[in-house]
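*Asks:* everything below, folded, please.
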Amino acid sequence: MRTLAIPIVALVLLACKTSPRMKQTGFLDRTVTIESRSYPYVVYVPREWTPDRSWPVVLFLHGAGERGSDGRRQMQIGAAAAIRSSPERVPALVVLPQAPAEERWIGPPADAAMQALEEVVREFRGDRDRIYLTGLSLGGFGTWHLALANSGVFAALVPVCGGIVPNGSAPSVRQSPLTAAAPDPYAFTAERLRSLPIWMFHGSEDTVIRASESRKMHEALRAAGADVQYTELEGVGHNAWDRAYGNAEMWKWLFSQQRRLPRR
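*Replies:* As a prediction, the model looks like this:
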């Protein structure tokens with residue numbers, strides 16, 4: 001019996017030594033608390049994740065139809081669907097927060113998204129020079145707002161069928177309070193985000209949030225000297241997200257970006 005004691009003890013000690021470095025992968029459930037309210041989010045950790053190096057991080061903001069408190073609806077379309085379809089395109093940590101019903105990516109839900117991002121960066125060795133922000137529809141509006149509210153955090157933006165000023169049939173979207181007093185909210189936004197690489201997507205036939213929103217932002221960003229691309233999907237309505245997140249070149253472009261110092 002004594003001859004087995006040393007190997008067993010050795011195995012236990014080895015397990016205790018290595019377990020802190022071991023992490024689950026896949027889609028993992030998490031929550032954050034803002035002002036005594038709990039906000040669910042999911043973090044995607046790629047199968048090949050290791051703590052031996054830093055990882056790019058994507059913060060994804062869902063649309064109005066995915067709001068709630070179940071921690072699941074935000075997984076239906078957009079980034080999560082793209083990961084399930086082609087995980088090899090997204091070798092990154094992806095943070096998928098959920099905004100409560102009837103709320104927007106402004107105020108506490110925006111704060112919760114940023115706190116979730118910070119938790120993931122710390123827990124899974126996120127690379128602070130490769131943090132990316134993207135969102136669709138309501139989350140496209142949120143992408144512009146969070147980028148304005150968190151200067152210097154993000155390395156690139158991908159707003160999908162979003163906008164600056166409500167323009168269409170969507171009752172859910174609101175203008176960011178950060179641009180509300182600006183005589184030209186597009187120029188205001190462009191001037192403050194001109195150091196960020198940006199790739200926008202919008203359907204030409206979108207009546208929920210009209211493509212003119214992305215056209216105006218594209219024009220303003222070009223006038224400000226920004227590194228911007230705009231893909232308008234001919235004949236596509238509001239659902240620009242399947243094409244945007246299903247675009248392999250978009251992911252390659254995104255992960256090639258590094259955080260830049262703001263231009264003065």
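*Asks:* show me where the stretch 101-250 of the chain has its helices.
*Replies:* Taking DSSP state H, counting those that start in this stretch as the criterion, the stretch 101-250 of the chain carries its helices at 108-123, 138-149, 185-193, 212-223, 241-245, 248-255.
*Asks:* looking at these, spot the one closest to residue 61.
*Replies:* With Cβ to Cβ as the criterion, residue 61 lies closest to helix 138-149 of the helices of the stretch 101-250 of the chain, at 3.1 Å. All C-beta atoms are positioned from the backbone trio N, CA, C, and that covers glycine.
*Asks:* elements contacting that closest one?
*Replies:* On a contact count with 3 or more Cβ pairs under 8 Å, 6 or more residues apart in numbering; DSSP states H and E, helix 138-149 meets strand 55-61, helix 108-123, strand 126-136, strand 156-160, helix 185-193.
*Asks:* for the longest one, packing partners?
*Replies:* Read that as helix 108-123. strand 26-34, strand 37-45, strand 55-61, strand 93-97, strand 126-136, helix 138-149.
*Asks:* as JSON lines, the helices and strands packed on helix 138-149 with mean pLDDT and mean neighbour count would be great.
*Replies:* What follows is these, written out as JSON lines (pLDDT from 0 to 100; neighbours: other Cβ atoms under 10 Å):
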{"stretch": "strand 55-61", "mean pLDDT": "98", "mean neighbour count": "26"}
{"stretch": "helix 108-123", "mean pLDDT": "98", "mean neighbour count": "20"}
{"stretch": "strand 126-136", "mean pLDDT": "98", "mean neighbour count": "23"}
{"stretch": "strand 156-160", "mean pLDDT": "98", "mean neighbour count": "28"}
{"stretch": "helix 185-193", "mean pLDDT": "98", "mean neighbour count": "21"}
